[in-house]
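quick one: sequence and predicted model below, then my questions.
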Amino acid sequence: MKATEAKLIEFLKKSPQFVIPIYQRTYSWTEKECRQLWDDVLRTGKDSKLNAHFVGSIVYIQKGHSNLTVQEPLLVIDGQQRLTTLTLLLAALANAIEKQGESKSEPVDGFSPRKIRNYYLLNPEEDGERHYKLLLTQTDKQSLISILNGSEQPHEKSLKVTQNYALFEKWIADAGDLETICNGIAKLMVVDVALTRDQDNPQLIFESMNSTGKELSQADLIRNYVLMGLEPKLQTRLYEQYWRPMEMDFGQEAYGTHFDAFMRHYLTVKTGDIPRLGEIYDAFKAYARSSDVAELGTEHLVKDVRNFAKYFCAMALGAESDPALKLAFHDLRELKVDVAYPFLLELYSDYAIDVLDQSEFLQIVRLIEAYVFRRAICAIPTNSMNKTFSTFTKSLRKANYLESVQSHFLLLPSYRRFPRDEEFKRDIKTRDLYNFRSRSYWLRRVENLDRKERVVVDEYTIEHIMPQNESLSQTWRTDLGEEWKTIHETWLHTLGNLTLTGYNSEYSDRPFSEKRDMEGGFKVSPLKLNAGLGQLAVWNEEEIKARAERLSKTALQVWQSPKLDAETLEKYRDVRKSDTGYCIEDHPQLLSPTMRPIFDAFRKQVLALDPCVTEEFLKLYVAYKAETNFVDVVPQSKRLRLSINIDFNEINDPRGICKDVTNLGRWGNGNVEVILGSLEELQYVIGLIRQALEKQLGSTADA
């Protein structure tokens, strides 16, 4: 590797051509990064005391170390964002100078339109693609060439290239001071880093670069990791056959905003672990290097990522072709259930290879939707759902796909539960649904139940039948009765009092009888939500409750719970049970007069932590489980040795009684050891154990 300082414009002038390899991300600088560069140019250009301003490094591969006179394209490893942005700035500057005077005018020596183009933007003596100093990839490539040629943009233009070029055109026009701009550009410096393919490892150098500008996404790093080290022909084929179609499926904007999330879900499916947001690249490298994946080869990996990306785009980006599934995925997106995507990707993968048929797939998607919505209505904390969905596939019995999903939902314990009909029906009648995050979603779902001609809810506004205005008119107070104020506070934003209308402004705070009988009133409304309102004489607490009762029954049809008979459910419950053949009598230490009271008190409190906790006697210890063991008890003659399943650096232990047993041989699971020898210590120890349980159930998981 050879690194030297260089003036940017001299570096551009002497370089034959820069080519962005296909594995590099597309141009991605936003207005923020362009503004920073622009401000630096103006500041440097105005300050005569400043001789230079560094804008970062340009790292590229060349065949030899000798010099840059060999007229071969340079493959850019790092720096394409700066190169592209500066090219756009120079192109806009050349046009601006040309508009202000003759083509030979130079605000600063060397900055005539002709020199800018022929020195820094083009190779005037070359033809074809060699004519351009910088060649980008795919859509970016054609858009930049169109700008440099002054020709019409292609049908599928690069948004970032064209938008940022327009920004520089505007900023140059607004500034008006071409001399300052030219001086600023002339002072820009770069670090010129030349690599040799045979001697340097571009991937390692690429990872270690800490360049200025827009940080590489996890997806950028992954793409480069997969493709960068390959032989050029294979690299090109894999990119064009798999990676480029995947980028096209996402689209220019969505690729930048959704691909990292997709890769996180993909790795969760493949490994069973949820990578932290900033560690997706590291998790991917570990997965790609695992023996099973590495043995199958890079092409198999890229093809698999491509397939799962198609499934993700179908569900998360609206690309599904099946009408019923497309609508179901749309409804899920409105609920913002990103944590369900690992499970959904597994389902879609099976659907794609006909292991799961369309009908059952659709039913399962609707069950996921009902599960999430019911939990939201019943105000059950969401922080356990990522764990629920990331481990769901362990419970699948693919010979009885739908039945196994239904049973798993029905057997979920405690605050991971699928709310039963009674709980959901009770809570949806009293929940504040007006300030609910997904209020247009639930209104649309209720209104369109069993409709073939669907109502576009966005064309209507939400209407409070009993008005929101706290100072109700006398007519409203009379209709509501003496307790009108309490009724207003209790039922205003609830299911029974909310509906849809196209006449919200006309309804205003009018009395119910006027809302009912006026033109466009409830009596003639075509909406199912308004059915029955036209036949009512008055609107009061009794009618609000009655309507809430009717609509809650409709809600049970929209968001249906799983239905399995007791015998079938018991079959799946039995699968979950583990008959180890051991019991307390196999641990005589626990039966002694000294230890029995301590163990009995301990097990009572641990089992009371959550209804999902189970106790299992094993040969050498007693295990307490939720998803898996969170504390194990190794009986000893005068004490209980507890193995708490949590990393030592995660436990909050003010008294310092925990011991780090990471990588030490021991019975039981977990990296934290605690000794319990008396009832006086019990409450503190239970507090330590609770931390491991809560972490396992997801309350501290990275969602």
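Perfect, I can see it now.

wait, doesn't residue 91 sit right on residue 147?
Yes. Counting by CB atoms under 8 Å, residue 91 does reach residue 147; the two are 5.5 Å apart. Backbone N, C-alpha and C define where each C-beta goes, glycine included.

which residues are common contacts for those two?
Contact criterion CB atoms under 8 Å, 6 or more residues apart in numbering; residues shared by residue 91 and residue 147: residue 165.

is it correct that residue 655 falls within a helix?
No. Looking at residue 655 with DSSP: H, G, I helix; E, B strand; the rest coil, it is coil, so not inside a helix.

how close does it get to residue 688?
Using CB to CB, to the nearest Å, residue 655 is found at 9 Å from residue 688.

more neighbours: those two, which one.
When neighbours are counted by other CB atoms under 10 Å, residue 655 and residue 688 differ, and residue 688 comes out ahead with 21 against 9.

what's near enough to touch the more buried one?
Counted by CB under 8 Å, 6+ apart, residue 688 has contacts 644, 651-653, 658, 672, 674.

narrow those to those in helices?
If you go by DSSP state H, the contacts of residue 688 have nothing in helices.

between those residues, which is nearest residue 634?
Of all the contacts of residue 688, residue 674 has the smallest distance to residue 634: 11.0 Å, by CB to CB.

give the closest residue to the closest one in space, chain neighbours not counted.
Spatial nearest neighbour of residue 674, chain neighbours left out: residue 642 (4.5 Å); criterion: CB to CB, 6 or more residues apart in numbering.

run a quick neighbour tally on the one you found.
24.

which residues of this structure score low on pLDDT?
The chain contains residues with pLDDT under 70 at 1, 62-71, 102-105, 197-216, 574-581, 611, 698-703.

OK, contacts around the residue nearest in space to the middle of it?
Centroid-nearest residue in the chain: residue 261, 3.9 Å away (criterion: CA atoms, centre = their mean). Counting by CB under 8 Å, 6+ apart, residue 261 touches 338, 341.

ok, then the element right after the strand or helix carrying it?
Remark: residue 261 resides in helix 252-271, with elements defined by DSSP states H and E. Later in the chain than helix 252-271, the nearest helix or strand by DSSP H and E is helix 280-289.

and residue 172, how close does it get to residue 390?
51 Å.

so these two - more neighbours on which side?
residue 390 (23 against 20).

pretty sure the more buried one contacts residue 272?
Yes. In this structure residue 390 lies within contact range of residue 272 using CB under 8 Å: 6.9 Å.

give me the element the residue of the chain most remote from its centre is part of.
For the chain, the largest distance from the centre (CA atoms, centre = their mean) belongs to residue 593, which lies 55.0 Å off. Following DSSP H and E, one finds residue 593 outside all helices and strands.

any idea how far it is from residue 641?
Distance, residue 593 to residue 641, by CB to CB: 19 Å.

kindly report the same for residue 527.
Going from residue 527 to residue 641 by CB to CB gives 66 Å.

and residue 596, by the same measure?
From residue 596 to residue 641 the distance is 16 Å (CB to CB).

more neighbours: the two, which one.
Shown here are residue 596 and residue 641; by other CB under 10 Å, residue 641 has more neighbours (19 against 13).

can you classify that one by secondary structure?
Following three-state DSSP, residue 641 is assigned to strand.

beta partners of the nearest residue to residue 589 once chain neighbours are set aside?
Nearest residue to residue 589 in three dimensions, chain neighbours excluded: residue 635, at 3.9 Å (CB to CB, 6+ apart). Taking DSSP bridges as the rule, residue 635 bridges to residue 640.

residue 635: how many residues sit nearby?
20.

would you confirm that it contacts residue 596?
No. Assessed by CB under 8 Å, residue 635 is found out of contact with residue 596, at 10.7 Å.

joint contacts of those two?
Taking CB under 8 Å, 6+ apart as the contact rule, residue 635 and residue 596 both touch residue 590.

show me where the stretch 551-700 of the chain has helices.
Remark: helices assigned in the stretch 551-700 of the chain by DSSP state H, counting those that start in this stretch are 566-576, 595-607, 682-697.

alpha carbons only: can I get the helix or strand harbouring residue 373 in PDB?
If you go by DSSP H and E, residue 373 is part of helix 358-377. In PDB, the C-alpha atoms belonging to helix 358-377 read as follows (Å, rounded to 0.1, in the frame of the first residue of the first chain):
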ATOM      1  CA  GLN A 358     -51.700 -20.600   0.400                       C
ATOM      2  CA  SER A 359     -54.800 -21.100   2.500                       C
ATOM      3  CA  GLU A 360     -53.000 -22.100   5.600                       C
ATOM      4  CA  PHE A 361     -50.300 -19.400   5.100                       C
ATOM      5  CA  LEU A 362     -53.000 -16.800   4.900                       C
ATOM      6  CA  GLN A 363     -54.700 -18.100   8.100                       C
ATOM      7  CA  ILE A 364     -51.400 -18.000  10.000                       C
ATOM      8  CA  VAL A 365     -50.700 -14.400   8.800                       C
ATOM      9  CA  ARG A 366     -54.100 -13.400  10.000                       C
ATOM     10  CA  LEU A 367     -53.400 -15.200  13.400                       C
ATOM     11  CA  ILE A 368     -50.200 -13.100  13.800                       C
ATOM     12  CA  GLU A 369     -52.200 -10.000  13.000                       C
ATOM     13  CA  ALA A 370     -54.900 -10.900  15.600                       C
ATOM     14  CA  TYR A 371     -52.200 -11.800  18.200                       C
ATOM     15  CA  VAL A 372     -50.500  -8.400  17.800                       C
ATOM     16  CA  PHE A 373     -53.700  -6.400  17.700                       C
ATOM     17  CA  ARG A 374     -55.400  -8.200  20.600                       C
ATOM     18  CA  ARG A 375     -52.300  -7.700  22.800                       C
ATOM     19  CA  ALA A 376     -52.300  -4.000  22.000                       C
ATOM     20  CA  ILE A 377     -55.900  -3.600  22.800                       C
END
